[in-house]
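[1] Fold the following, please.
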Amino acid sequence: MFKVLNKKIIAVIIIIICIFLIGGIYLLNNKKSDYKLKRSTGRVRVTSIKDNEIGRGMSYDLQAVSIYEIFNDYDTDIVRGKVKSIEPIRIKVGEKEDYRAIVTVTVDDVIRGEIKKNEMISILVPINSTIATISSKLQVGDEGIFMPVKYDDKGEKYFVQSGSDKLVLKDISDYGLLNGVYWLFIEKNRKVVFEEGIYNNLTDVKDLYKVSNYIKEQLDDR
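    As a prediction, the model looks like this:
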């Protein structure tokens with residue numbers, strides 16, 4: 001009889017241990033996000049991190065595009081503004097992990113789009129990856145020309161997904177760069193930093209005013 005009771009007690013203890021282990025794993029995988037992800041679903045977590053916690057961001061091959069396509073085939077706003085803050089974040093969607101930054105910009109001039117002058121906007125940008133060769137150079141105080149897309153509320157166009165887990169990017173930022181290579185120009189020390197490989201007809205650039213005029217020349221008024 002005692003042997004039977006001992007076996008039952010051991011079985012109960014094993015079950016309790018399993019419950020705690022499963023619960024602990026669940027809590028680790030579902031640590032509270034620093035953002036209210038009201039549109040996102042599944043195992044999604046976005047946390048603010050320090051600079052020394054930034055890991056390798058996701059990379060992929062950039063699609064070859066022409067200068068005309070950059071300025072006319074994508075639904076981007078184009079603004080000149082100053083960087084007020086940069087918040088690096090870790091994004092976890094299911095088993096997929098990525099590192100990006102939310103850049104807050106005060107808008108000084110609007111070249112195209114519905115953003116208003118003096119408005120403060122948030123732009124999600126890639127960092128520390130092959131698609132962030134320009135955006136990774138951003139610092140607080142920099143002035144730049146940014147060409148972000150506006151994220152949609154339902155996440156039908158702009159999202160990160162892994163299986164059934166889905167992060168709607170609108171949950172963490174109003175705007176975002178399609179990549180950190182083609183879609184921005186940064187002024188630093190009387191020199192403009194940009195992707196010279198694609199903007200090869202833009203030379204001797206020392207300030208953003210020349211870039212602004214250059215962009216206006218590229219825009220199709222049709």
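[2] Run through the helices of the protein in chain order.
    Secondary structure of the chain, counting by DSSP state H: helices at 2-29, 67-72, 208-218.
[3] Give me the helices and strands touching the last one, please.
    With contacts defined as 3 or more CB pairs under 8 Å, 6 or more residues apart in numbering; DSSP states H and E, helix 208-218 has these neighbours: helix 67-72, strand 78-93, strand 96-112, strand 143-146, strand 184-188, strand 191-193. Just so you know, the C-beta spots here come from the backbone N, C-alpha and C atoms, and that holds for glycine as well.
[4] got the contact list for stretch 107-118?
    Identification of contacts with stretch 107-118 by CB atoms under 8 Å, 6 or more residues apart in numbering yields 76-82, 106, 119-121, 143, 145, 212, 215-216, 219.
[5] burial of the residue nearest to residue 131 when sequence neighbours are not counted, as a residue count?
    Closest residue in space to residue 131, ignoring its immediate chain neighbours: residue 179 at 4.4 Å, by CB to CB, 6 or more residues apart in numbering. Neighbour count of residue 179, defined by other CB atoms under 10 Å: 21.
[6] My read is that residue 179 contacts residue 59, right?
    No. Counting by CB atoms under 8 Å, residue 179 sits too far from residue 59 to count as a contact (10.1 Å).
[7] Next, show the common contact partners of the two.
    Shared contacts of residue 179 and residue 59 (CB under 8 Å, 6+ apart): residue 131.
[8] Pick the most deeply packed of the helices and strands packed on helix 208-218.
    Stretch with highest mean neighbour count among the helices and strands packed on helix 208-218: strand 143-146 (a mean of 24; mean count of other CB atoms under 10 Å).
[9] elements contacting that strand?
    Packed next to strand 143-146, using 3+ CB pairs under 8 Å, 6+ apart, are strand 78-93, strand 96-112, strand 184-188, helix 208-218.
[10] possible to save those as a markdown table with distance to residue 138?
    Converted to a markdown table, these look like this (distance: least, CB to CB, whole Å):
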| stretch | distance to residue 138 |
| --- | --- |
| strand 78-93 | 6 |
| strand 96-112 | 6 |
| strand 184-188 | 6 |
| helix 208-218 | 14 |
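[11] hang on, the earlier thing: so can I have a markdown table of the helices and strands packed on helix 208-218 showing distance to residue 39 and mean pLDDT?
    Shown next, in a markdown table, are the helices and strands packed on helix 208-218 (distance: least, CB to CB, whole Å; pLDDT from 0 to 100):
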| stretch | distance to residue 39 | mean pLDDT |
| --- | --- | --- |
| helix 67-72 | 29 | 96 |
| strand 78-93 | 13 | 98 |
| strand 96-112 | 16 | 97 |
| strand 143-146 | 24 | 98 |
| strand 184-188 | 26 | 96 |
| strand 191-193 | 34 | 94 |
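[12] Go through the ones you listed and name the closest to residue 49.
    strand 78-93 (5.1 Å; CB to CB).
[13] Restricting to C-alpha, output the closest one in PDB.
    Extracted in PDB, the C-alpha atoms of strand 78-93 (Å, rounded to 0.1, in the frame of the first residue of the first chain):
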ATOM      1  CA  ILE A  78      10.000  63.000 -48.300                       C
ATOM      2  CA  VAL A  79      11.000  65.400 -45.600                       C
ATOM      3  CA  ARG A  80      14.000  67.300 -44.300                       C
ATOM      4  CA  GLY A  81      14.500  67.300 -40.500                       C
ATOM      5  CA  LYS A  82      16.600  66.900 -37.400                       C
ATOM      6  CA  VAL A  83      17.100  63.800 -35.300                       C
ATOM      7  CA  LYS A  84      15.900  64.400 -31.800                       C
ATOM      8  CA  SER A  85      16.300  60.800 -30.400                       C
ATOM      9  CA  ILE A  86      17.300  57.300 -31.400                       C
ATOM     10  CA  GLU A  87      15.900  54.300 -29.500                       C
ATOM     11  CA  PRO A  88      17.300  50.900 -30.400                       C
ATOM     12  CA  ILE A  89      14.900  48.000 -30.000                       C
ATOM     13  CA  ARG A  90      14.900  44.200 -30.100                       C
ATOM     14  CA  ILE A  91      12.000  42.700 -32.000                       C
ATOM     15  CA  LYS A  92      11.000  39.100 -31.400                       C
ATOM     16  CA  VAL A  93       8.300  37.500 -33.600                       C
END
